[in-house]
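*Asks:* Provided below are the primary sequence and the corresponding predicted coordinates.
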Amino acid sequence: YERLRRTIDRPDYPGKYLLSDSGFVLRIFCMRGFAYDSTDDQERVLNAYCHSTRATVEHTFGRMKGRFRCDAVRSALPPHPP
């Protein structure tokens, strides 16, 4: 996370953001939708785009986890000693 933050926060990546939700601490490089039901058309459009993009990403990761079951196998194994 720290390496990603430093990479995105660099001046040679202006205008690059991570799409987040309320579960993440809001940082300068994070963008999330408005937390309330807005009557402003632009805010509603932004919320719709954020929701749609997050849903697409979550579905993609869900399909990848179903296809590549190594995470399920790895979580069933006992932890490695230090």
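*Replies:* It's in. Computed from a predicted structure; not experimentally measured.

*Asks:* Residue 31 versus the residue nearest the centre of the chain, what's the distance?
*Replies:* Centroid check for the chain by Cα atoms, centre = their mean gives residue 20 as the closest residue, at 4.5 Å. According to Cβ to Cβ, to the nearest Å, residue 20 stands 7 Å off from residue 31. For every residue, glycine as well, the C-beta is placed using N, CA and C.

*Asks:* Do you have the strands of this protein handy? List them.
*Replies:* Counting by DSSP state E, the chain has strands at residues 18-19, 30-31.

*Asks:* Save those as JSON lines, and put in mean neighbour count, distance to residue 49 and mean pLDDT too.
*Replies:* Below are the strands of the chain laid out as JSON lines (neighbours: other Cβ atoms under 10 Å; distance: least, Cβ to Cβ, whole Å; pLDDT from 0 to 100):
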{"stretch": "strand 18-19", "mean neighbour count": "14", "distance to residue 49": "9", "mean pLDDT": "79"}
{"stretch": "strand 30-31", "mean neighbour count": "14", "distance to residue 49": "10", "mean pLDDT": "79"}
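
*Asks:* Any idea which of the ones you listed gets closest to residue 62?
*Replies:* Among the strands of the chain, the nearest to residue 62 by Cβ to Cβ is strand 18-19 (16.7 Å).

*Asks:* could you point out where this structure is predicted with low confidence?
*Replies:* 8-13, 70-82 (pLDDT under 70).

*Asks:* quick one, longest helix in it?
*Replies:* helix 41-67 (DSSP state H).

*Asks:* buried ones in that helix?
*Replies:* Within helix 41-67, the residues that count as buried by 16 or more other Cβ atoms under 10 Å are 46, 47, 50.

*Asks:* Check the offset of it from the chain's centre.
*Replies:* 9 Å (Cα atoms, centre = their mean, to the nearest Å).

*Asks:* Check which helices and strands that helix sits against.
*Replies:* Helices and strands touching helix 41-67, by 3 or more Cβ pairs under 8 Å, 6 or more residues apart in numbering; DSSP states H and E, are strand 18-19.

*Asks:* Alright, that wraps it up for me.
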